[in-house]
Each structure stands twice: as structure tokens, then as C-alpha cells.
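Undergrad: give me a 3D structure for the following:
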Amino acid sequence: MAGFSLGAYMAFVDNTHSHYPEWLEEGNEYNIETGTNDYYKNLGAAITHDDHPIVGISWNDAVAYCQWLSRLSGKDYRLPSEAEWEYAARGGHKSLGFRYAGSNKLKEVGWYSLNSHGETKPVGLKLSNELGLYDMSGNVREWCADHWHDNYGGAPNDGRAWVGVGDSAVRVVRGGSWLNFHSSCRASDRYWLGTDNWNSIFGFRLARY
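TA: Residues are numbered from 1 along each chain as shown. Predicted structure coming up:
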């Protein structure tokens, strides 16, 4: 399961001429070149660096990318289920029970409000977790496949995405971001957002099956 960089996502945008991040969409007020709103401009040059995580894309955009890459590669890519995401963040079968993904000290494994300098950072600079995965605590929150539910009561017990019940227009987001405090970067922390929403702190991670 791999975190996702701007450079990899933009290959999809350039190929399909679609699913532009909010800050590059023509005519959008948030466009960093022509827009009137400085929301993304305040992230500075970091937002355009290929080795930084992609931000400003919706759940729908992330799913479209997975479908495109699956067709292109002949392999099956998708967003992880919430259960898969948390299992991976906690270190899977190698878990040492850390509070964050790979450590009890967030500064060792994640970029968050106290060390990010108000911007995203290149992927993979901090320590990995027990499974060798980077940036699962901090840098950007990550979309999951599941419909949002307030708790786990009734969730599948085999790790599948919990869909079919709940609001399909609202999906789970995990991981904490460059803007969040410690508590939001815990491996256990959960959040949600509408599928057509964009934000400067949300990106995604791929699962291959």
C-alpha cells in the first residue's frame, strides 16, 4: 500500500485531461495561477513539487485514478478499506503497538502542525512504520473506500470496505495531516468528508490486490 505523490497523479491528469486538482482546474477561484482565492497559494511552492503528496483532489478523483492505473497496468488498484488502512498503519502482523504509525513520538514519523512549517513535505522523509510504510501519520489525510459510520458496530469482519449501508456520498478519511495536532495523527483517529469535496490536507494511498 503506497502513499501518493503529485508527480504520479499528474501523469493521470496529463493523459486523460481530466480530474485536475482544485488548484489547477481552469476557471476555479482556487487556481494558483488565475484564481482569486489564496487558499492553495498559501501552501507555497510545495504544492507543485512532484515528490510531495497530491492534495486538492476529491474521493471521486482518487477512485478515477485507481481505475485508470488498473487499466493501464493490467493490475488491480483501489483505495484501501478503513480496516486495511488501520491494520497497515499499526504495523500489521509486525505491530509494536505504537500510538502513531511507527512510533510513540509523532515527530519521528510524521509531519504535523508543529513541524510542517505550514506546508506538505516530500513523501518518505520520516521513519517508516513496522511494515516499511511512510507518512501514515501526518503529511496528508488519506481517503478510504468505506462509507462513513460513527462506530464499527456491524462492520465486516474480513477487512472489506464497509459499503452498501450508510451514506455513500460521505467517505472515511484517515491519517492526520501537516495542519493537524497530535491527536488527529493517531493510528486510531477517524474523520469523514463528502466524496466531491477538495481540501489542502487530503490525499490518498493505493492498495493493490
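Undergrad: from here on, just use CA atoms for contacts and neighbour counts.
TA: OK.
Undergrad: hang on, Trp162 packs against Glu84?
TA: No: using CA atoms under 8 Å, Trp162 makes no contact with Glu84, being 11.2 Å away.
Undergrad: report the buried residues of stretch 60-73.
TA: Neighbour counts over stretch 60-73 (16 or more other CA atoms under 10 Å) mark Asn60, Asp61, Ala62, Val63, Ala64, Tyr65, Cys66, Trp68, Leu69 as buried.
Undergrad: where do the strands of this protein begin and end?
TA: 2-3, 77-78, 141-148, 167-174, 190-194, 202-208 (DSSP state E).
Undergrad: from the centroid of the chain, which residue is nearest?
TA: The centroid of the chain falls nearest to Glu142 when counting by CA atoms, centre = their mean (2.2 Å).
Undergrad: state the pLDDT value of that one.
TA: Glu142 is assigned a pLDDT of 97 by the prediction.
Undergrad: all numbers from here: first residue = 467
TA: That works, and once the first residue is 467, the last one we named lands at Glu608.
Undergrad: okay, now the residue nearest to it when sequence neighbours are not counted: neighbour count?
TA: Nearest residue to Glu608, sequence neighbours excluded (CA to CA, 6 or more residues apart in numbering): Phe670, at 4.2 Å. The tally of other residues near Phe670 (other CA atoms under 10 Å) stands at 27.
Undergrad: who's in contact with Phe670?
TA: Phe670 is in contact with Gly469, Phe470, Ile520, Ala528, Leu545, Val606, Arg607, Glu608, Trp609, Cys610, counting by CA atoms under 8 Å, 6 or more residues apart in numbering.
Undergrad: ok, so of those residues, who is nearest Leu572?
TA: Here the nearest of those to Leu572, counting by CA to CA, is Val606; it sits at 13.9 Å.
Undergrad: quick check: that closest one touching Asn646?
TA: No: counting by CA under 8 Å, Asn646 is not a contact partner of Val606; they are 9.3 Å apart.
Undergrad: which of the two has more neighbours?
TA: Using other CA under 10 Å as the criterion, Val606 and Asn646 rank with Val606 on top: 35 against 20.
Undergrad: how close does that one sit to Ala673?
TA: According to CA to CA, to the nearest Å, Val606 and Ala673 sit 17 Å apart.
Undergrad: cool, His648 as well?
TA: From His648 to Ala673 the distance is 26 Å (CA to CA).
Undergrad: neighbour-wise, which of those two wins?
TA: Using other CA under 10 Å as the criterion, His648 and Ala673 rank with His648 on top: 19 against 16.
Undergrad: so that one is in contact with Leu572, correct?
TA: Yes: the criterion here is CA under 8 Å, and His648 meets it with Leu572 at 7.1 Å.
Undergrad: need the longest helix for the protein.
TA: In terms of residue count, the longest helix belonging to the chain (DSSP state H) is helix 525-539.
Undergrad: who does that one touch, helix- and strand-wise?
TA: If contacts are counted by 3 or more CA pairs under 8 Å, 6 or more residues apart in numbering; DSSP states H and E, helix 525-539 sits against helix 472-482, strand 543-544.
Undergrad: redo that, cut-off 10 Å
TA: Secondary-structure packing of helix 525-539 (3 or more CA pairs under 10 Å, 6 or more residues apart in numbering; DSSP states H and E): helix 472-482, strand 543-544, strand 607-614, strand 633-640, strand 656-660, strand 668-674.
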